[in-house]
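1. What follows is a predicted protein model with its sequence.
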Amino acid sequence: MKIAVAAANGKASKKIIAEALKRGHEVVAFGRHEQNDTGASHYIKKDIMDLTKEDLKGFDALVDGFGAWTPETLPLHTTTLLHLTDILSGSDTRLLVVGGAGSLYVNPEHTMTLSQIPEFPEAFKPLAEAMGRSLAELRKRKNVKWTYISPAADFQEGGERTGSYEIHGEEYAPNGKGESIISYADYAIAMVDEIEKGDHLGQRISVVRK
């Protein structure tokens, strides 16, 4: 498959690129850094907001690995995602978003999210809320083949690659051991599996280590 990765210099993006390359897919990395440290042999220096319909023509999938953490940049989660949906609108190129766990629901009525419970770390609430808003906007796009993948609550950059994971839906769901953990490496496996299978178009799913 031919896969594009936007914001390719991010840590999760690099793991996804490595997993896709390992499986023999063609990967084109788009990043705003001068230096290519993505692992992809084909790298194009281009900011996510400068991507065009022409840039993404002919790709089977686009992975959105964008992340922002400072108060002034948090709104970019929505701005960048809306830009990508605009340029992919009506095309066959699927959009897969590296999401967050804070917007997962903690009740069957889907009226409360993980980020709203008292135990949720205060420092991460602004990020969770910003990503939740971007997901809400994504849900409105009916002419884009999107999938939003939330990681487990404990998203571990240096965690081991176990090679196995569980898929859940919109609700926060720990594994059988009561843990909500996934490594970046196992998340990348789930992401590339979804790219290959395309089982969850127009859906948000979540993944957790078995």
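-> Structure's in. What do you need? Residues are numbered from 1 along each chain as shown.
2. Contacts only, for the residue positioned nearest the centre of the chain.
-> Centroid check for the chain by Cα atoms, centre = their mean gives residue 98 as the closest residue, at 0.8 Å. Counting by Cβ atoms under 8 Å, 6 or more residues apart in numbering, residue 98 makes contact with 10, 12, 13, 16, 63, 64, 65, 66, 67, 149, 187, 191. The C-beta positions use only the backbone N, C-alpha and C, and glycine is treated the same way.
3. you'd agree residue 120 is up against residue 128?
-> Yes - judged on Cβ atoms under 8 Å, residue 120 makes contact with residue 128 at a distance of 7.3 Å.
4. Mutual contacts of the two, please.
-> When contacts are counted by Cβ under 8 Å, 6+ apart, residue 120 and residue 128 have 102, 114 as shared neighbours.
5. ok, these two, which is more surrounded?
-> The residue with more neighbours, out of residue 120 and residue 128, is residue 128; 20 against 17, by other Cβ atoms under 10 Å.
6. Now do the same contact list for the more buried one.
-> Contacts here follow Cβ under 8 Å, 6+ apart; on that basis residue 128 touches 100, 101, 102, 103, 113, 114, 115, 120.
7. The same query, at a cut-off of 6 Å, please.
-> Listed by Cβ atoms under 6 Å, 6 or more residues apart in numbering, the contact partners of residue 128 are 100, 102, 115.
8. can you map out the helices along the chain?
-> 11-22, 76-88, 125-139, 184-197 (DSSP state H).
9. closest to residue 160 out of those helices?
-> helix 184-197 (7.1 Å; Cβ to Cβ).
10. quick revisit: dump the contacts of residue 128 to TSV, plus neighbour count.
-> Formatted as TSV, these follow (neighbours: other Cβ atoms under 10 Å):
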residue	neighbour count
100	25
102	25
115	21
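11. Next, format these as CSV and append pLDDT and distance to residue 43.
-> As requested, the contacts of residue 128 are exported to CSV (pLDDT from 0 to 100; distance: Cβ to Cβ, whole Å):
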residue, pLDDT, distance to residue 43
100, 96, 26
102, 97, 31
115, 97, 34
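12. Tell me the one among these nearest to residue 92.
-> Nearest to residue 92, judged by Cβ to Cβ, of the contacts of residue 128 is residue 100 at 27.0 Å.
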